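Undergrad: what follows is a predicted structure for the sequence shown.
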Amino acid sequence: MKVKVAEDVYWVGAVDWNVRNFHGFTYSTHRGTTYNAYLIVDDKIALVDSVYGPFAGEMIERIGEIVEPEKIDYVIANHVETDHSGAIAEVLKYAPKAKVVGTARCKQGLLKHYFGDWDFQVVKTGDEINLGRKSLRFMEAPMLHWPDSMFTYIEKDALLLPNDAFGQHLATSKRFDDEVNENIIMEEATKYYANILWPFSSLIIKKIEEIQKQNLKINTIAPSHGIIWRSNPMKIVEAYLRWAKGDAKKKVLVVYDSMWGSTEKMAKAIIEGIRSEDVEAMLFRLPVSDRGDVIKELLEARGLLMGSSTINNSILPTVAPFLEELRGLKPRGKIAAAFGSYGWGGGALKTIEETLKQAGMELASPGLAVNWVPNKEEIQKCFEFGKEFARKI
Ligand code: FEO
């Protein structure tokens, strides 16, 4: 069945129902994903983006339902990453006269990925390719989320094709925002922003302002993953602005791991302290929580309390991947503090605090350490620690 996005614009991507990990094993895709590619049929024919390599046949079959693939004149590569470029070499076998179009960085990246002797047209912001009745206008979007990234805009349809920006990892038989439960879409969009785009927040604000200044009319935003925003495309743009500016709720995450239960007792008493101030709190024990899901929750939380027992003068190895991820994501506008139990020497709090600072988080108070098992007074201290932290939210 043909999926029409606008007049003579079709979705020709693929649905990956079974993928459960992305970017290696760094991002859990509980709901699968889609690789969206779009075919524009005009006097000239353009394919905007392609799909992950194993899905090349599926995409070419979809294209074949609309036009003969050999008629494709342009393959627009908005982004080098293999989930969107993996099928280009296969497309070019069917469409040998097609020209590949992308930024200078894209050309560099694609040639280093696929070693193809492709006819390549380099474009930059403001360049256009006229297809007949429609034109493709290009807008470089460096670091959203790779240096090569680019948006394509079709003025006639007020259609923005921003590749990874505004996407969600969500496999569904439906293609549009008005056909899928809105809460599910926003949950996946939040996770996507937190885990992929968060470090580039200042660039996102600039890019959205740049588009706003041009007064571009946008009726539809068709990203390269998940559903297409057609009923209310500004909903996701406004959410991106909120996230990029660091807007947060009165919410605290308590994230920890515990060796023999003492740090866990501390975490539970801290949660009670936070609750006593009527601030929302969420507790995650790391080895049994999905890291990507915790990061999603952190996006809209104002505070993080990070706990670990001490082992070998430092944190538990189960806590390290989460802290390392925070260091890379650089969550903005968050306050944080550390806690944990120790037997002798200590050291976990120091490691946690150093990493939180490297991640750009503000330490709201000195950490709370408890020797061996917390007694009644120390449990009360944990409660007060949570309460004091909640007051700073
Ligand atoms: Fe969906 Fe940056 O690839």
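TA: Perfect, thanks for sending it. Numbering: from 1, shown residues only.

Undergrad: residue 90: what's it in contact with?
TA: By Cβ atoms under 8 Å, 6 or more residues apart in numbering, the contact list for residue 90 reads 53, 56-57, 60. No exception for glycine: its C-beta is placed from N, CA and C like everyone else's.

Undergrad: ok, of these, which one's closest to residue 43?
TA: Relative to residue 43, the closest of these is residue 60; by Cβ to Cβ it sits at 21.9 Å.

Undergrad: now the lengthiest helix in the chain: buried residues?
TA: Longest helix of the chain, by residue count under DSSP state H: helix 376-391. If you call a residue buried by 16 or more other Cβ atoms under 10 Å, then helix 376-391 has these buried ones: 378-379, 381-383, 385-390.

Undergrad: restricted to helices, list the contacts of residue 90.
TA: 56-57, 60.

Undergrad: closest to the ligand among those residues?
TA: For the ones in helices among the contacts of residue 90, the closest approach to the ligand (Cβ to the nearest ligand atom) belongs to residue 56, at 15.7 Å.

Undergrad: quick one, what contacts the residue in the chain that the ligand sits nearest to?
TA: Residue nearest to the ligand within the chain (Cβ to the nearest ligand atom): residue 81, separated by 3.6 Å. Residue 81 is in contact with 146, 164, counting by Cβ under 8 Å, 6+ apart.

Undergrad: which residue packs closest to residue 18, ignoring adjacent ones?
TA: Excluding its sequence neighbours, the residue lying closest to residue 18 (Cβ to Cβ, 6 or more residues apart in numbering) is residue 32, at 6.4 Å.

Undergrad: mind telling me what element residue 67 is part of?
TA: Secondary structure assignment for residue 67, by DSSP states H and E: no helix or strand.

Undergrad: returning to what we had before: chain center to the longest helix of the chain, what's the gap?
TA: 34 Å (Cα atoms, centre = their mean, to the nearest Å).

Undergrad: tell me which residues are up against that helix.
TA: Residues contacting helix 376-391 (Cβ under 8 Å, 6+ apart): 252, 254, 265-266, 269-277, 279, 281, 303, 305, 335, 337, 339, 364-365, 368, 370, 374.

Undergrad: so for that helix, mean pLDDT?
TA: When pLDDT is averaged along helix 376-391, the result is 98.

Undergrad: only alpha carbons, please: show it as PDB.
TA: Taking C-alpha atoms only, helix 376-391 is exported to PDB below (Å, rounded to 0.1, in the frame of the first residue of the first chain):
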ATOM      1  CA  LYS A 376      18.200   4.600  63.300                       C
ATOM      2  CA  GLU A 377      19.900   8.000  63.600                       C
ATOM      3  CA  GLU A 378      21.600   7.500  60.200                       C
ATOM      4  CA  ILE A 379      18.400   6.500  58.500                       C
ATOM      5  CA  GLN A 380      16.900   9.800  59.900                       C
ATOM      6  CA  LYS A 381      19.900  11.600  58.500                       C
ATOM      7  CA  CYS A 382      19.200  10.100  55.100                       C
ATOM      8  CA  PHE A 383      15.500  11.200  55.400                       C
ATOM      9  CA  GLU A 384      16.700  14.800  56.200                       C
ATOM     10  CA  PHE A 385      19.200  14.600  53.300                       C
ATOM     11  CA  GLY A 386      16.400  13.800  50.900                       C
ATOM     12  CA  LYS A 387      14.200  16.500  52.400                       C
ATOM     13  CA  GLU A 388      16.900  19.200  52.200                       C
ATOM     14  CA  PHE A 389      17.600  18.300  48.600                       C
ATOM     15  CA  ALA A 390      13.900  18.400  47.700                       C
ATOM     16  CA  ARG A 391      13.700  21.900  49.200                       C
END
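
Undergrad: got a list of contacts for stretch 244-254?
TA: Contacts for stretch 244-254 (Cβ under 8 Å, 6+ apart): 201-202, 204-205, 208, 267, 270-271, 274, 279-284, 294, 297-298, 300-305, 307, 332-334, 386, 389-390, 393.

Undergrad: list the buried residues of it.
TA: Here stretch 244-254 shows 244, 248, 251-254 as buried, counting by 16+ other Cβ under 10 Å.

Undergrad: related to what we said a few turns ago, show me which of the ones in helices among the contacts of residue 90 are buried.
TA: Buried among the ones in helices among the contacts of residue 90 by 16+ other Cβ under 10 Å: 56, 60.

Undergrad: could the ones in helices among the contacts of residue 90 be laid out in TSV, adding distance to the ligand?
TA: Compiled in TSV, the ones in helices among the contacts of residue 90 are given as follows (distance: Cβ to the nearest ligand atom, whole Å):
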residue	distance to the ligand
56	16
57	20
60	20
